[in-house]
Structures are given as C-alpha cells and as structure tokens.
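> structure, please.
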Amino acid sequence: MVGGGAWGTALACLARRAGREATLWSRDPAIARSIAERCVNPVYLPEVGLDAGIAAAADLDGLAACDLVLLACPAQAVRGLAARLSGDGPVVICAKGIEAATGLLMPEVLAEVLPRRPIALLSGPSFAEEAVRGLPTAISIATADPERGRRLAAALASGAFRPYWTHDLLGVALGGAVKNVLAIAAGIVEGRGLGANAAAALITRGFAEMARLGQALGAELETLAGLSGLGDLVLTCHGPLSRNRSLGLALGQGQSLARYMEGRRQVVEGEATAPAVLARAARLGIEMPICAAVDAILHHDADLDEAIRALLARPLRREGE
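Take a look at the predicted model:
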C-alpha cells in the first residue's frame, strides 16, 4: 500500500483479513513505524486497533517484490509516486480525482507514467473508518481484463468487504472524481438550511451532470449508476465522515475556504477536482451548472446566495436534459 492515510491503512487491514501479506509505505515514516510497531495510525485512525501483521516499508523500493501495489495517496500525488515505483506487477489506483495540471483521470495518468504495467482502479462508497472496523462495505474494481478483475476481487475480498469487478475504468474513475465536487454542493445545501427537498434534488441533478459527462467521455451508464458512481455520490453527500461534505457544510455556514483548510492534513479532493472537471466538460460542450457553482464559490469568490439563486433561475427544461 502506497499511502499511510486512513484509506491506505484500512486497505492494509482489509488485505490482512483476506489472508494476504501487507506492507505499507507512508511519506511520514513515523506513521509507518507506529502502524508496524504499535498497531495504530496515530494521525488518521488514532482510535482504531490495526492488524499486527502489517509491515512497514522504509522506502518505495521495498515494494518492488510485491505482487500487487495499491496507490492510496491523494489524486494530485499519483503521478509523482507512480513514477517512483519499481517492479512489474499490477498497480491498483485507490485515489478519486482528476489531475489538476493536465485534466487527466487517474487511469489516464498511470497509462502515461507506467505504460507497461497492468492498471486497475478501486473505488466506491467506502469510508475508511467503517471498512477498517469490519462494517459491510462494497466497492468496484475496474480493469480492462475481466479475468484480472476477478482475481483482484478474490484477492481482497473478506467477510464484510465485497469487491465487484468491471471493465469500465473510465466510468469508475469519473464517478469517484465528480462525486467529490457534488458532495461539497450537498454540504452547502445543508449548511445553508435549504432543506431535505433541496438535498434530494441536488443529488439527482448532480448525478445527471455526472452521467452527461461520463457518457460523452465513453463511460457506461450502468457503471455510473452503480457503486462507484451513484453509490459513492449518495454516501459522500450524506455521510458525516465525508470531508467534501464537511467543507461544503462549513462554507454554507459562512466559513471561508482558507479558514476551513487551516491546519488540516487530510486532502479535500473536490476542491482541486472542481476546475478540472469543468475544463474537461467545456472541451466536450457539456453543461455542469452545479459543479460550476461549486467552483465559482471555491475559486472565484462568488457570493454563495447569489450562486444558489442563479441555479434556481436556470431555464426550465425537460427532465433528462
């Protein structure tokens, strides 16, 4: 596992429950040592006892002999860390986002950096804190080779952790990216006290935006309506553990982005993903008004109430458009 955050740590525990050996590398050596020696991640999962069999890698070269590498780092760090990997086994991306500098989805980034290594993507409705406690969790694993997908699912599955495989890498990657932007919008709705009707409409119309962009890119609607799309959207918009929703909630209550992010170590992926999603959509002529409103509030000093009024004033149209 590359990444000693909450999700990388949880995946290491899940691999152990599935009967696999697990080695974790963290950019913070103190976290890796604490997981290996004291069975606790003192920064990201301080109250959760971890599997005693998780080993710590001092550097990324220590993962070269692993049969499988799971990249559980922030999306904007995927390119740099992938370029430092050695070995020839499959690499499973566990990051959700779009690379801000290029507008590429995570599989597209790895195709550039590691063109000769098999690539897969793990995504879906999965709070690390719940998965590591053994609560039921279902996710998607996407890979171009269905047989490899079956093998990866079997390698990671345990009693309460259920992977489902698909060939649609693009759909899984897009769902995991766009839902983070929409979750910020859901938090704003809640923080502004706009009610349950508005929250339901936000998720529904937000999914329509995700589906429009996904289908224009060649993703399959079945994937977008599955675990890694609609499933993750529902969780991230409603779940109290969602960092993107929490940011939106703070914005809706009048806090600034800078103030909210002050002193936080965990990345809020939707903040960097919003402009990248819009740039990708613009090239295809796809309208994404909710994502555009989130980006305007985050990065262009848009007045929050005015952004909401603008959304409500959009022309009436047939549902599905």
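> going on from the helix or strand containing residue 290, what's the next piece of helix or strand?
Using DSSP states H and E, the element containing residue 290 is helix 289-299. Heading C-terminal from helix 289-299, the first helix or strand you meet, by DSSP H and E, is helix 304-312.
> if we can go back for a sec, what comes up buried for the helix holding residue 290?
For helix 289-299, a neighbour-count test (16 or more other CB atoms under 10 Å) marks 290-298 as buried. Quick note: C-beta positions are derived from backbone N, CA and C, even for glycine.
> could you do stretch 25-32 as well?
Here stretch 25-32 shows 25-26, 31-32 as buried, counting by 16+ other CB under 10 Å.
> how about stretch 228-239?
228-237, 239.
> out of those, who's nearest residue 198?
Nearest to residue 198 among the buried residues of stretch 228-239: residue 237, at 11.7 Å, using CB to CB.
> which parts of this structure belong to which domain?
6-167, 170-312 (automatic domain parsing).
> if we can go back for a sec, export the buried residues of helix 289-299 as a markdown table, with columns for distance to residue 124.
Conversion of the buried residues of helix 289-299 to a markdown table gives the following (distance: CB to CB, whole Å):
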| residue | distance to residue 124 |
| --- | --- |
| 290 | 22 |
| 291 | 21 |
| 292 | 26 |
| 293 | 26 |
| 294 | 22 |
| 295 | 25 |
| 296 | 29 |
| 297 | 27 |
| 298 | 25 |
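> what would the domains of the chain look like in TSV with distance to residue 319 and mean pLDDT?
Below are those laid out as TSV (distance: least, CB to CB, whole Å; pLDDT from 0 to 100):
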stretch	distance to residue 319	mean pLDDT
domain 6-167	25	95
domain 170-312	8	96
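> got JSON lines for these, with distance to residue 320 too?
Listed next are the domains of the chain as JSON lines, based on distance: least, CB to CB, whole Å:
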{"stretch": "domain 6-167", "distance to residue 320": "24"}
{"stretch": "domain 170-312", "distance to residue 320": "7"}
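> so which residue is smack in the middle of the protein?
residue 96 (2.8 Å; CA atoms, centre = their mean).
> who's in contact with that residue?
When contacts are counted by CB atoms under 8 Å, 6 or more residues apart in numbering, residue 96 is found next to 75, 106, 123, 176-177, 179-180, 232, 269.
> picking that back up, now the helix holding residue 290 against helix 304-312, angle please.
160 degrees (axes from the mean of the first three to the mean of the last three CA atoms, to 10 degrees).
> which strands and helices sit next to helix 289-299?
helix 169-191, helix 195-217, helix 243-252, helix 269-284, helix 304-312 (3 or more CB pairs under 8 Å, 6 or more residues apart in numbering; DSSP states H and E).
> at 6 Å what do you get?
In terms of contacts (3 or more CB pairs under 6 Å, 6 or more residues apart in numbering; DSSP states H and E), helix 289-299 is packed against helix 169-191, helix 269-284, helix 304-312.
> got the ones you listed as CSV, with mean neighbour count and distance to residue 82 columns?
Formatted as CSV, the helices and strands packed on helix 289-299 follow (neighbours: other CB atoms under 10 Å; distance: least, CB to CB, whole Å):
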stretch, mean neighbour count, distance to residue 82
helix 169-191, 29, 14
helix 269-284, 21, 17
helix 304-312, 14, 36
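> which residues are in contact with the helix holding residue 290?
181, 184-185, 206, 209, 257, 271, 274-275, 277-278, 302, 304, 307, 311 (CB atoms under 6 Å, 6 or more residues apart in numbering).
> ok, now stretch 14-32?
Stretch 14-32 has contacts (CB under 6 Å, 6+ apart) with 1-2, 4, 12, 43, 51, 53-57, 60, 156, 158, 161.
> that stretch: end-to-end distance?
End-to-end distance of stretch 14-32 (CA to CA, to the nearest Å): 17 Å.
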